[in-house]
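> Sequence plus predicted model, see below.
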Number of protein chains: 2
Amino acid sequence: MDTLMKVFDKAIESRLDRRCTFVALGGGVIGDMCGYAAASYLRGVSFIQIPTTVMAQVDSSVGGKTGINHRLGKNLIGAFYQPQCVLVDTDTLNTLPDRELASGLAEVIKYGLIRDAEFFEWQEQNMHKLMARDPRAFAYAIKRSCENKAEVVSLDEKESGLRATLNLGHTFGHAIETGFGYGQWLHGEAVAAGMVMAVDMSYRLGWIDDSIVKRVHNILQQAKLPTAPPDTMTVEMFKSIMAVDKKVADGLLRLILLKGPLGNCVFTGDYDRKALDDTLYAFCKS
Amino acid sequence: MDTLMKVFDKAIESRLDRRCTFVALGGGVIGDMCGYAAASYLRGVSFIQIPTTVMAQVDSSVGGKTGINHRLGKNLIGAFYQPQCVLVDTDTLNTLPDRELASGLAEVIKYGLIRDAEFFEWQEQNMHKLMARDPRAFAYAIKRSCENKAEVVSLDEKESGLRATLNLGHTFGHAIETGFGYGQWLHGEAVAAGMVMAVDMSYRLGWIDDSIVKRVHNILQQAKLPTAPPDTMTVEMFKSIMAVDKKVADGLLRLILLKGPLGNCVFTGDYDRKALDDTLYAFCKS
């Protein structure tokens, strides 16, 4: 919020008028904040996203979700506001640290799991190229990810249902980010662990077979991503933090879970509560 | 901004989910802030306006402009966000202080000037009833004002041109509010003085005849509203503050000015700069 205010101060002091354009050059936090600032400054000015991380290129820069974090939770304050354009230059990845790179791959893997089995299979065969920063492999992974996201968002911009499926692993993941402390784990690392938990729960519910569980573990390990939450996370931490998730409606926590063959998922509050409890106890020491 | 943060804190601590509804019960500042909070909380929840001042009932609650003030200017941060409904109960005016009542009448008078000569004439005949708080007269004035505003907003929600005409007197008025200090004058008082200045400038440009100038003075005096800026306002203060107005585009200040018979106005940057200077010097001692 303080940084957002600095953006407003600078814009006002510089007397930027309604015809100005804000440019978000950076990772997801920059894009989210800059987008929200653009949405709010003079009640809305143009903005352009130039994402410089894999995470921002394959996910946060596309779809028009903008916002800032609150000490009590992520992405609780913001706006739906579309950029005039998103410019992705894969050269910006040349200087991206390995952990940041892997973090973005968690979202790439997510698209395969929720709606694009063929893309998941491509990733299984090409993860070594992505880890070696092969530019052609990256260009393909980013393009296909953006296509998946754009398709979902164009069908459901304001998240009445379908769009929520983009949050596979994010409810558990947000709980990890909040409980473990921001900055300890990168977003994609928390999402990776969260996806493992969501997949584990889907299996407990009998909705997927164990081959999917194994393939998810394998691909995340190839991408050097976590496959379990940090040791310090407790069942109680997960429960209390997930209770303020945006996907809670009428007190009921809806989750994105896999169901059926690879590439299929559901967004639902209609699941056995015991499977959620069992999952939390399986992944937490207390 | 601090108050806005308190609203977010409370909403998050209370675990309000996306199906909640924010209710703005109060005057314009409450409505604007609550609307912006509703627009931003979880990226948008429902809200209802229950305006309790004339100003809010005839103006700010209708049209979906929301926002908060910044120390460097009014309404620079906000969103276009429509309420689910606006509930106007004229009984709430029973306890409204006289000055607040008159302040709201400035906006009522504005609608007559910019687009509804018949309504202006009705006001000239019925201002004594409004000043005596006649409920039937008030119900009519509020309804007709809202109809005028709704018509303009429905034709131009995002203010590409027509909607700007609702700001007759507001550019000068905002300068007065900022320069004189917030809270010294009520918004409608500043707008009243601003309208006199805009009308004076229109006359200097030869765009209206002097009978309109006189009628505007008369009706504002009947409503016990100011007809000139405070003595402490200087030409330099007006100029520097108006330079950051949202209606500046490409460095050019566009103004709403009357042109032609009563009930007609233009929103334009195409006017003789000298007329603006002359107006400022005519109303300021230095």
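Looks like it came in fine. Residues are numbered from 1 along each chain as shown, chains lettered A, B, ... in the order given.
> How about the residues of the stretch 1-150 of chain A by chain B?
Proximity of the stretch 1-150 of chain A to chain B is confined to A:1, A:5, A:8-9, A:12-13, A:15, A:17-19, A:36, A:39-44, A:65-67, A:70, A:72-73, A:75-80 under the rule C-beta under 8 Å from any C-beta of the partner chain. (C-beta placed from N, C-alpha, C; glycine too.)
> Turn the buried ones among the residues you listed into a named PyMOL selection, would you?
Here the buried members of the residues of the stretch 1-150 of chain A next to chain B are turned into a PyMOL selection, burial being counted by 16 or more other C-beta atoms under 10 Å in any protein chain shown:
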select buried, chain A and resi 8+12+17+18+36+39+40+41+42+43+44+65+66+67+70+73+75+76+77+78+79+80
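> Just the ones of the residues of the stretch 1-150 of chain A next to chain B in helices?
Counting by DSSP state H, the members of those that fall within helices are A:5, A:8-9, A:12-13, A:36, A:39-40.
> Out of those residues, which comes closest to A:Met233?
Taking C-beta to C-beta as the measure, A:Tyr36 is the one of these closest to A:Met233, at 29.0 Å.
> Skipping adjacent residues, who's closest to that closest one in space?
Closest residue in space to A:Tyr36, ignoring its immediate chain neighbours: A:Thr66 at 4.1 Å, by C-beta to C-beta, 6 or more residues apart in numbering or on different chains.
> Isn't that neighbour up against A:Gly78?
Yes: in this structure A:Thr66 lies within contact range of A:Gly78 using C-beta atoms under 8 Å: 5.1 Å.
> tell me, what's touching those two both at once?
When C-beta atoms under 8 Å, 6 or more residues apart in numbering or on different chains defines a contact, the residues bordering A:Thr66 and A:Gly78 alike are A:32, A:36, B:43.
> Pick the one among these closest to A:Asp59.
A:Asp59 lies nearest to A:Asp32 out of the shared contacts of A:Thr66 and A:Gly78, by C-beta to C-beta, at 10.8 Å.
> Check whether the closest one really touches A:Ser60, as I assumed.
Yes: proximity of A:Asp32 to A:Ser60 meets the contact threshold set by C-beta under 8 Å, at 6.2 Å.
> on that earlier part again, make JSON lines from the ones in helices among the residues of the stretch 1-150 of chain A next to chain B and add pLDDT to it.
Below are these laid out as JSON lines (pLDDT from 0 to 100):
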{"residue": "A:Met5", "pLDDT": "92"}
{"residue": "A:Phe8", "pLDDT": "94"}
{"residue": "A:Asp9", "pLDDT": "94"}
{"residue": "A:Ile12", "pLDDT": "91"}
{"residue": "A:Glu13", "pLDDT": "91"}
{"residue": "A:Tyr36", "pLDDT": "97"}
{"residue": "A:Ala39", "pLDDT": "97"}
{"residue": "A:Ser40", "pLDDT": "97"}
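> Pick the one among the residues you listed closest to B:Tyr182.
Ranked by distance to B:Tyr182 (C-beta to C-beta), those are led by A:Ile12 at 15.8 Å.
> For that closest one, give me its contacts.
The contact partners of A:Ile12, by C-beta under 8 Å, 6+ apart, come to B:70, B:72-73, B:76, B:244.
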